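> Okay, predicted coordinates and the sequence, questions at the end:
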Amino acid sequence: MDKVCVVGLGYVGLPTASLLASKGFKVHGVDVNWQVVQTINRGEIHIHEPDLDVLVKSAVNSGNLTASLEPAPADVFILAVPTPFTDGHVPNISYVEAATRAIASYLEPGNLVILESTSPVGTTEKISVWLQELRPDLDPNSIYIAHCPERVLPGQILKEIITNDRIVGGINPASTAKAEAFYQQFVTGEIVPTQARTAELSKLAENAFRDVNIAFANELSLICERLNIDVWELRELANRHPRVNILKPGPGVGGHCIAVDPWFIVDSAPEQAQLIRTARQVNDSKPHAVVSQVKAAAADVNQAVIACLGLAYKADIDDLRESPSVAIVRELARESVGHILVVEPHISALPASLDSLGSVQLVALDVALDKADILLLLVDHQAFKQVDRQKLQGKTVIDTRGIWR
Ligand code: SAJ
């Protein structure tokens, strides 16, 4: 079986590495963070994802998964590093470049390099150019390079890595074929060949599609508030049409994908990407609209105690990245809107950005329900869905997820 080197052991790299190891591949994982490397080598994990702990433990115990700061020779190199954006929403592919530099000296003729990170159009071709500069001794046709964007949904990663269809786009037909053959060994979904640039835009388009549709729902929620109409009832009614499927409004769009990737399209085609840009702006403005709602409610109460339920960017996960809930709590605290309590069952300490404010307190759900004048529901966690509705009596409830109707 192929030897695989996975660079970047985060939400995509670690599940991929441990899954491959469990299928019998010899996998060497690489991360720039020494603590992450040590944790994995102990058979433990540094991120929360259902069943990942068991998989990593058995992968490490079997001897098929090792981790270190440095790459090692392999047949297949998978790059799964972050691709954030810088100020002004410009994509930052410096981690992809650093990962390419890190593996360059280990490459041998016949190796396959796969970029799984969500990337702006043209990034896979750049890897080819960088490698030609770094390894002039290698015949460029002897190294196969392809983009196979990850499409897994946090919370269901281990299932979706296997069952999702995969798009595989090489920088040339030989690279596409080689990457197809690799994924065929462990993916049960269909593997669909294309070119690298099309694969890159396809992934970006998927997340932009979702963002635009959520923006529509969020805009409707603002329209409904203005017209004093219940957006959740409206959505249910409209969705009875056989060709209408309005997504759910919420406090804004979070996570490291949907709130980020559409900007990569805007950056590469700014004049054409009007709707995609506007959708981003609509979704980014939603947290402020929620803060305004809370301020209006708090104005009627003396020294209001505001309980904010949920910090994660979506239900039943511990991931706070780009979370609109964190932004809302921060804005409420900075503007001293009231005394702020936070409930987040998936974390044991506040993130530094909230802790440093000094005025935000992490409390248990019961305490929040007991003390709050205003209950601000930000995440539809299971624990919040089960709240006894009697406990909401006499409080001002702002339910951004529509779970307590
Ligand atoms: N959200 C709403 N209303 C909805 C659906 C979602 O407000 O009706 C919000 C969520 O609360 C959250 C954000 O949108 O804040 C994003 O959540 P999500 O579940 O839509 O997506 P992610 O970011 O967890 O994962 C997405 C997925 N992409 C698509 O569904 C097109 C996943 O398949 C990708 O692999 C992932 O991005 C990624 O890594 O790119």
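Right, received. Where do you want to start? Residues are numbered from 1 along each chain as shown.

> Does the helix or strand of the chain with the lowest mean pLDDT reach the ligand?
Using mean pLDDT, DSSP states H and E, strand 85-86 stands out as the lowest-scoring helix or strand of the chain, at a mean of 92. No - Strand 85-86 stays clear of the ligand (Cβ under 6 Å from any ligand atom), getting no nearer than 13.7 Å. Any C-beta I mention is one placed from the backbone N, CA and C, and that applies to glycine too.

> what lines up beside the following helix or strand past that strand in the sheet?
Sequence order places strand 90-91 as the next helix or strand after strand 85-86, per DSSP states H and E. In the sheet, strand 90-91 lines up against strand 85-86 (antiparallel) (DSSP bridges).

> any idea how far the partner strand is from the chain center?
Relative to its chain's centre, strand 85-86 lies at 15 Å (Cα atoms, centre = their mean, to the nearest Å).

> how far is the longest helix along the chain from where the chain is centred?
Secondary structure assigned by DSSP state H gives helix 196-227 as the longest helix of the chain. How far helix 196-227 lies from its chain's middle: 15 Å, per Cα atoms, centre = their mean.

> and it, what's its mean pLDDT?
Taken as a whole, helix 196-227 carries a mean pLDDT of 98.

> for that helix, packing partners?
Counting contacts by 3 or more Cβ pairs under 8 Å, 6 or more residues apart in numbering; DSSP states H and E, helix 196-227 packs against helix 123-134, strand 144-147, strand 166-170, helix 231-238, helix 261-268, helix 274-298.

> Go through the fourth one and flag the buried ones.
Counting neighbours by 16 or more other Cβ atoms under 10 Å, one finds that the buried residues in helix 231-238 are 231, 232, 234, 235.

> again with stretch 160-167
Within stretch 160-167, the residues scored as buried using 16+ other Cβ under 10 Å are 160, 161, 164, 166, 167.

> Let's have those residues in a markdown table, adding distance to residue 257 and pLDDT.
Below are the buried residues of stretch 160-167 laid out as a markdown table (distance: Cβ to Cβ, whole Å; pLDDT from 0 to 100):
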| residue | distance to residue 257 | pLDDT |
| --- | --- | --- |
| 160 | 13 | 96 |
| 161 | 15 | 96 |
| 164 | 14 | 96 |
| 166 | 17 | 97 |
| 167 | 16 | 98 |
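
> Return only those of these found close to the ligand.
Among the buried residues of stretch 160-167, no residue lies close to the ligand (Cβ under 6 Å from any ligand atom).

> Please identify which of the buried residues of helix 231-238 is nearest to the ligand.
For the buried residues of helix 231-238, the residue nearest the ligand by Cβ to the nearest ligand atom is residue 235; the value is 9.8 Å.

> Can you tell me how far that closest one is from residue 216?
Distance, residue 235 to residue 216, using Cβ to Cβ, to the nearest Å: 11 Å.

> Between those two, which contacts overlap?
By Cβ atoms under 8 Å, 6 or more residues apart in numbering, residue 235 and residue 216 have these common neighbours: residue 246.

> Quickly name whichever of the buried residues of stretch 160-167 is closest to residue 258.
residue 160 (15.6 Å; Cβ to Cβ).

> and that closest one, that's in a helix?
Yes - checked against DSSP: H, G, I helix; E, B strand; the rest coil, residue 160 lies within a helix.

> Can you name the residues that contact it?
Going by Cβ under 8 Å, 6+ apart, residue 160 touches 151, 152, 153.

> Wondering if stretch 268-276 reaches the ligand at all.
No - using Cβ under 6 Å from any ligand atom, stretch 268-276 stays clear of the ligand, coming no nearer than 13.6 Å.

> Now that stretch: average pLDDT?
98.

> do the same with stretch 371-384
97.

> buried ones in it?
Residues 372, 373, 374, 375, 376, 377, 378, 379, 380, 381, 383, 384 are the ones in stretch 371-384 that count as buried (16+ other Cβ under 10 Å).

> Alongside the ligand, which residues does the protein contribute?
Proximity of the chain to the ligand, by Cβ under 6 Å from any ligand atom, involves residues 118, 150-154, 206-207, 210, 214, 247-248, 250, 253-255, 257-258, 313-314.

> Buried among those residues? Make that a PyMOL selection.
Here is the PyMOL selection string for the buried members of these, based on 16+ other Cβ under 10 Å:
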select buried, resi 118+150+151+152+154+206+207+210+214+247+248+250+253+254+255+257+258+313+314
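
> Just the ones of the residues of the chain next to the ligand in helices?
Using DSSP H, those in helices are 206, 207, 210, 214.

> rewinding a little: what's the most buried one of the helices and strands packed on helix 196-227?
strand 144-147 (a mean of 28; mean count of other Cβ atoms under 10 Å).

> Contacts for that strand, please.
By Cβ under 8 Å, 6+ apart, strand 144-147 touches 110-116, 119, 123-124, 127-128, 131, 168-171, 174-176, 178-179, 196, 199-200.

> Mind doing that once more with 6 Å?
Strand 144-147 is contacted by residues 112-115, 124, 127-128, 168-171, 175, 178-179, 196, 199-200 when judged by Cβ atoms under 6 Å, 6 or more residues apart in numbering.

> Also stretch 17-34?
Residues from elsewhere that reach stretch 17-34 (Cβ under 6 Å, 6+ apart): 1-7, 9, 37, 55-56, 59, 64-67, 71-72, 161, 186.
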